[in-house]
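1. this is a predicted model, with the sequence first.
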Amino acid sequence: MCDREASPSGWRSLPESTITPEDVAILPSPGMAIPDMLAFSPDDRLITYLLSPDRSLRRLLYAFDPHNDEQHWLPHPPDKEVREENLTLAEKLWRERKGQLELGVTQYSWAPRLNRLLISFPDGLYVKGEEEQAWHKIADSRPSPCLDARFSPSGERVAYVQDAELYVVSVDGGAPRQITQGARGLSKTHGLAEHVAQDEIMRGGQGYWWSPDGRYIAFIEIDEAHIPIYRILHQGKGLVGENAQEDHHYPFAGQANVRVRLGVISAEGGDPVWMDLGEDQDIYLGRVCWLTDGALCAQIENRQQTGLELARFDPHTGQRTTLLRESSTVWINLHNMFHPLGEKAGEYTGGFIWASERGGYRHLYLFDCHGELIRPLTSGEWIVDVLCGVDEERQQVYFTASLESPLESQLYAVSFRGEKPRRITTQSGTHTVTLDHNLRRFIDVYDTLDQPPTVTLRSLEDGSLLSTIYADPDPRVQALKLTPPEIVTLPNRDGVELFGALFRPSERFGSGPYPTVVFVYGGPTCQLVANSWRLTGMMRSQYLCSRGFLVFVLDNRGGARRGLAFEAVIKNDMGHLEVEDQVDGVQWLVNQGLADARRVGINGGSYGGYMAAMCLARAPQVFRAAVAMASVTHWDGYETHYTERYMGMPQTNPQGYESSSVMAHVMDITGSLLLMHGLIDENVHFRHTARLINSLIANRKPYELIIYPDGRHMLRKLEDRVFMEEQLMNFFVKNLMLG
């Protein structure tokens, strides 16, 4: 059943809003059309980035010269830019797994040692030297796309993956050379990350790595032949044959994973040398990199994700030695904070810097060349977010962290001696930084609840301002009268402090209590409540608030940036304590006289959709209405790496899987439920919603359903997103205001 009423009876009597469904659906959201993919040129003379001049999703490549504070556009080959209609299925899936909606120029890179640029377009790969006027095409992307193109360290060659095999081409021209063999047509790939590595392991989709001297390439072979096909039909298209369907080797929780091999091959081609990954073949390759002495290094994680080995390989023989082992009684969160130390590191040469949660919070540690701990570099009840850079000569480590507050992220420096960290950024809020190659300056993307992001160039010594790269006010912020939410703290029933955000209706709606809508994500690896414009720019929350709803956002236990104990309460039992925390949040609102206890709804997507449905089912006395979008409804239907990290395997935790499913609690639903899902969602399959509907029918529970025939996990069409916001508003007005 789908309520397609354009305007429920009585809605027009509500005060008009300056915010429309289009304002909510249009991306980027107000204040967020800022420079992206910021990078220094190899000589640190220029800063390049992607930016949309009209604040749309279409981006162009720009360069900023700090010496004269001038920005100029770097023209790209005409009529080549990315549009949704000129992408192949492989490119669309690649973009979907990277969460990429942007068009125009969507990816570029500098050569590591030359001022030479690489751009990937749907028709091929193009390179251009800084002083050259024209871009030169070096590889053709049709009929198969060139994926994950990367310069060699010298910048003289480019590698990429095409039709499951790895290729190398000279930037000076000539035919590309296929250097791997034997994957094409056999449900194998060479040099591409598998589904879970692209989606959940967060390796950025990378599946190959140039050696520092450019003579070799380490690559991953993925074998999916033994994993059954999961077919997705394009029901909304007037198509027949192969264009009407997609076939995916999807690794469901508890079922077979891909088989992985790590090889090293000459950049000229030939036979690969396979690394010894050990007897246990049911593993994940978390990260791969080359060490400064020419050895290869990989992070090998067991299937249970309770053990991780940092292994060193001889690339010529494949022989393996162990540098470090990590173990956990909970799970191991993978990260990108491994830095091998080179010759400039003096007495620490051959050692490495590594991040670990062995003390309950993620911190940095210094190890020698044998993997023996020298000393911790940071400590305390806070976490290191990003290892930004290491100055080996000065023995300084630069990182962002939550040291002052879990609601902020600041840049710090600490010496190899492990002294008290020195704060570099001075303004309260959220700082995302990029360091130059000489470790003298940094790009600072800075925002707060009441200030959209600005981009500046600053001194790495003291954080002082050197240049303003981008600080253009977005007129939509003022025109739409966006008001920052109020951050609150509250204890849950167990006395744990939680952070929430209140979007209060204006005075024209009275002083409360108000009909209330909770916006939730609630899952691991995510934090919503922070001193950041991203919270203020939640346009759906602003839209609901403008129509008289109190909107509340609460980061429950299980979320990110509060330490491993805060996360680990969900182990083997998802959708339980998270729901309790959301209930406690609503009760706190009621006690404050803010929320009308009879008129509380909840909405969210993905894990937030799971939480919305679970809150309606497990706390029917609290939640009267829920909108659940693209929801997991039973964890046996989601992928291995994410699910098993938190739930174990269905074979060893059957009771946990059963009680953590929405279907186990459907009989208790008394409120109204609206389900939304894309039919071609290849991440959280529509099957999740279909299984829930079967249970709703069996228990005679009414529901409403909106299907997006061309919708993936992200709704890529503007008209789909506009319709979603209209219907979501209709639903909450009908059930919380007029009902």
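-> All right, it came through fine. Numbers count the residues shown, from 1 in each chain.

2. from here on, contacts and neighbour counts on C-alpha atoms
-> OK.

3. surely Leu535 touches Leu528?
-> Yes - counting by C-alpha atoms under 8 Å, Leu535 does reach Leu528; the two are 6.7 Å apart.

4. settle it for me: which of those two has more neighbours?
-> Leu528 (23 against 19; other C-alpha atoms under 10 Å).

5. pLDDT below threshold where in the stretch 201-350 of the chain?
-> 239-242 (pLDDT under 70).

6. tell me where it has strands.
-> 208-210, 216-223, 229-233, 245-249, 259-266, 273-274, 283-290, 296-302, 307-313, 320-327, 338-340 (DSSP state E, counting those that start in this stretch).

7. in TSV: those, plus distance to Leu490 and mean neighbour count.
-> Shown next, in TSV, are the strands of the stretch 201-350 of the chain (distance: least, C-alpha to C-alpha, whole Å; neighbours: other C-alpha atoms under 10 Å):
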stretch	distance to Leu490	mean neighbour count
strand 208-210	46	23
strand 216-223	47	24
strand 229-233	44	15
strand 245-249	44	15
strand 259-266	46	20
strand 273-274	54	19
strand 283-290	37	21
strand 296-302	37	21
strand 307-313	35	21
strand 320-327	33	16
strand 338-340	36	19
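
8. can you tell me which of the ones you listed comes nearest to Gly155?
-> Nearest to Gly155, of all the strands of the stretch 201-350 of the chain, is strand 208-210, at 11.1 Å by C-alpha to C-alpha.

9. strand partners of the closest one, parallel vs antiparallel please.
-> Sheet partners assigned to strand 208-210 using DSSP bridges are listed as strand 216-223 (antiparallel).

10. not counting its own residues, what contacts the strand it pairs with?
-> Strand 216-223 has contacts (C-alpha atoms under 8 Å, 6 or more residues apart in numbering) with 187-194, 207-211, 258-267.

11. what's the angle from it to strand 296-302?
-> Here the directions of strand 216-223 and strand 296-302 differ by 20 degrees (axes from the mean of the first three to the mean of the last three C-alpha atoms, to 10 degrees).

12. pull out the buried positions in stretch 396-408.
-> Gln396, Val397, Tyr398, Phe399, Thr400, Ala401, Ser402, Leu403, Ser405, Pro406, Leu407, Glu408 (16 or more other C-alpha atoms under 10 Å).

13. and the furthest pair within those residues?
-> Gln396 and Leu407 (25.4 Å).

14. how's the chain carved up into domains?
-> Domain assignment for the chain by automatic domain parsing gives 11-25+476-737, 179-334.

15. quick one: least confident helix or strand in the chain?
-> Taking mean pLDDT, DSSP states H and E as the measure, the chain has helix 195-199 as its least confident helix or strand, at a mean of 76.

16. where's it relative to the chain centroid, distance-wise?
-> 11 Å (C-alpha atoms, centre = their mean, to the nearest Å).

17. for the stretch 1-150 of the chain, give me the ranges with low pLDDT.
-> 1-16.

18. picking up where we left off before, packing partners of the least confident helix or strand of the chain?
-> For helix 195-199, not one helix or strand is in contact under the criterion 3 or more C-alpha pairs under 8 Å, 6 or more residues apart in numbering; DSSP states H and E.

19. so what touches that helix?
-> Contacts of helix 195-199 (C-alpha under 8 Å, 6+ apart): Arg97, Lys98, Arg203, Gly204, Gly205, Gln206, Tyr250, Gly286, Glu639, Thr640, His641.

20. if you set the cut-off to 7 Å instead, what comes out?
-> Arg97, Arg203, Gly204, Gly205, His641 (C-alpha atoms under 7 Å, 6 or more residues apart in numbering).

21. what does the pLDDT read for the nearest residue to Gly254 once chain neighbours are set aside?
-> Using C-alpha to C-alpha, 6 or more residues apart in numbering and skipping the chain neighbours, the partner closest in space to Gly254 is Met649 (5.0 Å). On pLDDT, Met649 comes in at 97.

22. surely Met649 touches Phe252?
-> No - counting by C-alpha atoms under 7 Å, Met649 stays clear of Phe252, with 10.1 Å between them.

23. for stretch 145-165, list the C-alpha coordinates in PDB.
-> Listed in PDB are the C-alpha atoms of stretch 145-165, where the atom choice follows Å, rounded to 0.1, in the frame of the first residue of the first chain:
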ATOM      1  CA  PRO A 145      36.000   0.800 -18.400                       C
ATOM      2  CA  CYS A 146      39.500   1.600 -17.100                       C
ATOM      3  CA  LEU A 147      39.100   1.300 -13.300                       C
ATOM      4  CA  ASP A 148      41.300   2.500 -10.500                       C
ATOM      5  CA  ALA A 149      44.000   4.100 -12.600                       C
ATOM      6  CA  ARG A 150      47.200   5.000 -10.700                       C
ATOM      7  CA  PHE A 151      50.600   6.600 -11.700                       C
ATOM      8  CA  SER A 152      53.800   4.700 -11.100                       C
ATOM      9  CA  PRO A 153      56.100   6.400  -8.600                       C
ATOM     10  CA  SER A 154      58.100   8.100 -11.300                       C
ATOM     11  CA  GLY A 155      55.000   9.300 -13.100                       C
ATOM     12  CA  GLU A 156      56.200   7.700 -16.400                       C
ATOM     13  CA  ARG A 157      53.500   5.000 -16.500                       C
ATOM     14  CA  VAL A 158      50.000   4.300 -15.400                       C
ATOM     15  CA  ALA A 159      48.400   1.100 -14.300                       C
ATOM     16  CA  TYR A 160      44.700   0.300 -14.300                       C
ATOM     17  CA  VAL A 161      42.300  -2.600 -14.300                       C
ATOM     18  CA  GLN A 162      40.200  -3.400 -17.500                       C
ATOM     19  CA  ASP A 163      37.900  -6.400 -17.900                       C
ATOM     20  CA  ALA A 164      39.300  -8.100 -14.800                       C
ATOM     21  CA  GLU A 165      43.000  -7.800 -15.800                       C
END
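
24. any idea how many residues pack against the residue nearest to Val158 when sequence neighbours are not counted?
-> Nearest residue to Val158 in three dimensions, chain neighbours excluded: Phe151, at 4.4 Å (C-alpha to C-alpha, 6+ apart). Residue neighbour count, defined by other C-alpha under 10 Å, stands at 26 for Phe151.

25. ok, Phe151 - contacts?
-> Taking C-alpha under 7 Å, 6+ apart, one finds Ala111, Arg157, Val158, Ala159 in contact with Phe151.

26. quick one: which of the residues you listed is nearest to Gly418?
-> Nearest member of those to Gly418, counting by C-alpha to C-alpha, is Ala111, at 33.7 Å.

27. picking up where we left off before, now render the contacts of helix 195-199 as TSV, adding distance to Trp588.
-> As requested, the contacts of helix 195-199 are exported to TSV (distance: C-alpha to C-alpha, whole Å):
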residue	distance to Trp588
Arg97	37
Arg203	40
Gly204	40
Gly205	42
His641	35
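
28. for those residues, pick the one with the most neighbours.
-> Neighbour max across the contacts of helix 195-199 (other C-alpha under 10 Å) = His641, 24 neighbours.

29. for that residue, grab phi and psi.
-> phi -60, psi -50 (degrees, to the nearest 10).

30. the chain should start at 878 in everything you say after this.
-> Got it, first residue is 878 now, which makes that one His1518.

31. circling back: show the pLDDT at the residue nearest to Val1035.
-> pLDDT, read off for Phe1028, is 97.

32. what's the spacing between it and Arg1189?
-> 24 Å (C-alpha to C-alpha, to the nearest Å).

33. tell me how many other residues crowd the closest residue to Gly1219 other than its chain neighbours.
-> In this structure, Gly1219 finds its nearest non-sequential neighbour in Thr1226, 5.2 Å apart by C-alpha to C-alpha, 6+ apart. By other C-alpha under 10 Å, 16 other residues sit near Thr1226.
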